[in-house]
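> Build me a structure from this.
(chains A and B)
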Amino acid sequence: MGSRPPDEETLVARAKRGETTAYEELVRMHQGIAFRVALVAAGDRGDAEEAAQDAFVKAYRALGRFREGSPFLPWLLRIVANEARNRRRSAGRRAGLALRAAAVVSGDVAPSPETTALTLERRDTLLGGLAALDERDREVLVHRFLLELGEEETAAALGIRRGTVKSRTSRALDRLRAVVGEDVP
Amino acid sequence: MNGLERELVALSDAVEWPDSPDLAPVVSGRLGDAPRRPGLARRPLAITVAVVLAAVLAVLAVPPARTAILDWLGIGGARIVRVDDLPPLPLRQDLEVLGGPATLAEARAQAGFRFADPPRGEPRPDEVRLAPGLRVSYLWRDGPDARLIVTQFPGRVGDPALLKKLAGDATRIDRFAIDGDTAVWLEGGPHVVLFVAPDGLIRDDHGWLAGNTLLVDRDGTTVRVEGALDRPNAVDLVRAMPASPSSEG
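Take a look at the predicted model:
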């Protein structure tokens, strides 16, 4: 015990050699964000879970084509998002994840400073503003800020170029600001 | 980051995201195929498997030829065959093919072959499964699935309980001995357990894709240990299985 967990690059290399235990670690490392990206793309929890699961299996089988040394997460998220979008199309569902504000924070758990900075009213305003945006604007903001993904991961998940992420984010923020204002204390 | 961007990041904490499911166990159970090597076409590989399986079926269909195939890489009732590609497995473990739940006493009375008792010590197996004449299994459960399975089956040539393991290139296969008994350790890569049913059809045994597997030939009965154990622990587990009073019923 006490040894450092292997880094992602090592795990990828081992998984490429067929070590399923290494791949399991990669799954555990990324399953949270993979599920959320799938949820945003599929708009349905059940489909998101299946899509994320299928995507991990497909990614494993495609590992031979993954270029070692390049970041794993964007490559994975591209597969996850494609899988989830396909399911949404198959189900004939329109895009649009219903985001709900969390219930009142339990008195037992200290809310994070960021959470306390938002009043309930402001949360609802922001959620309403996001919902009012068109799909492309909303999804880029959700990926960049709510999922806290970098530009490269966002580009992969949305199937667009990194430069497009940058410009689309800027425009989407302007449009959202026009709806909700900027509540700077 | 400007004010609105910070608010959106803060909103992430306030959004009621559904709990992320633990995907690793299910994904792990579906990793039947080894990662593809670049430039390796799938079709010829699939044909390789088809040829192997067709050969197995054809040979098994002709009783006199059975011994030839059993000589490939024999240990007890299990045979290991290396292939370039592995057949797909079902998503979930199908524990039903291990037989029905039974008490140890029922298994002893009805198994029809000698097998060892569960390993001494804790934890005790959650379940005993019996397929009379074919195999007895001890299961340590993890909800609806199994996390450790010890299966014993008669390993005599000609028995219906012939087991095949298809191992991919990435699987390391070590042959060694445990207290004089022949043993094989499979580690590090995917392998598929295929069972040849009494009707001669090959089907996947129970959908359990073990990371590591230990096979031991003990007095004509093959012990198979599958689960997330390393080799020393798997060997200890087999050593903790007492010589059984179980006898042919």
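
> distance of B:Thr213 from chain A?
Relative to chain A, B:Thr213 is positioned 12 Å away (CB to the nearest CB, to the nearest Å). C-beta coordinates here come from the backbone N, C-alpha and C atoms, glycine included.

> who's that residue bridged to?
B:Leu186, B:Glu226 (DSSP bridges).

> Following the chain past the least confident helix or strand in chain A by mean pLDDT, name the next helix or strand.
Sorting the helices and strands of chain A by mean pLDDT, DSSP states H and E puts helix A:113-117 at the bottom, at a mean of 48. Tracing the chain past helix A:113-117, the next element assigned as helix or strand by DSSP states H and E is helix A:120-132.

> what's near enough to touch the spatially most central residue of chain A?
Centrality entry for chain A: nearest residue to the mean C-alpha point is A:Val37, 3.3 Å, by CA atoms, centre = their mean. Contacts for A:Val37 (CB atoms under 8 Å, 6 or more residues apart in numbering or on different chains) come out as A:52, A:77, A:80-81, A:84, A:143, A:147, A:149, A:157.

> how does it look with 6 Å?
By CB atoms under 6 Å, 6 or more residues apart in numbering or on different chains, the residues touching A:Val37 are A:77, A:80-81, A:157.

> quick one: which of these is nearest to chain B?
Proximity of the contacts of A:Val37 to chain B (CB to the nearest CB) peaks at A:Val80, which lies at 10.7 Å.

> in what helix or strand does the spatially closest residue to the closest one that is not a sequence neighbour lie?
Spatially, and ignoring its direct neighbours in sequence, A:Val80 is nearest to A:Ala55 (4.1 Å; CB to CB, 6 or more residues apart in numbering or on different chains). Element membership for A:Ala55 (DSSP H and E) is helix A:45-61.

> List of residues touching that helix?
A:23, A:27, A:34-35, A:38-39, A:42, A:76, A:79-80, A:83-84, A:87, B:18, B:21, B:23, B:26-27, B:30-31, B:33.

> In that helix, which residues are buried?
The neighbour-count criterion (16 or more other CB atoms under 10 Å in any protein chain shown) identifies A:47-57, A:59-61 as the buried residues of helix A:45-61.

> What average pLDDT does it get?
Averaging pLDDT along helix A:45-61 yields 89.

> cool, stretch A:18-30 as well?
In the prediction, stretch A:18-30 has an average pLDDT of 91.

> Flag every buried residue along that stretch.
Quick answer for stretch A:18-30 (16+ other CB under 10 Å): A:18-20, A:22-27, A:29-30.

> B:Arg129 in helix, strand or coil?
For B:Arg129, the assignment made with DSSP: H, G, I helix; E, B strand; the rest coil gives strand.

> Is it correct that it is in contact with B:Gly99?
Yes - contact criterion CB atoms under 6 Å: B:Arg129 and B:Gly99 qualify, at 4.6 Å.

> residue ranges for the helices of chain A, please.
Assigned by DSSP state H, chain A shows helices spanning A:8-16, A:20-42, A:45-61, A:72-91, A:113-117, A:120-132, A:135-141, A:151-158, A:162-180.

> Same check on chain B?
B:3-14, B:24-29, B:42-60, B:66-70, B:104-110, B:231-239.

> what's the least confident stretch among the ones you listed?
helix B:66-70 (a mean of 28).

> In chain A, what residue lies closest to chain B?
Counting by CB to the nearest CB, chain A gets nearest chain B through A:Gly18, at 2.4 Å.

> Show the backbone phi and psi for that residue.
phi 100, psi 10 (degrees, to the nearest 10).

> which one is A:Val12 nearest to, not counting chain neighbours?
A:Phe72 (5.5 Å).

> That neighbour - how many residues pack around it?
The number of residues packed near A:Phe72 is 19, by other CB atoms under 10 Å in any protein chain shown.

> Check the one 5 residues further on too.
A count of neighbours around A:Leu77, defined by other CB under 10 Å, yields 28.

> what residues are up against it?
Contacts of A:Leu77 (CB under 6 Å, 6+ apart): A:37, A:153, A:156-157.

> what's the answer for A:Ala42, then?
By CB under 6 Å, 6+ apart, the neighbours of A:Ala42 are A:48, A:51, A:84, A:87-88.
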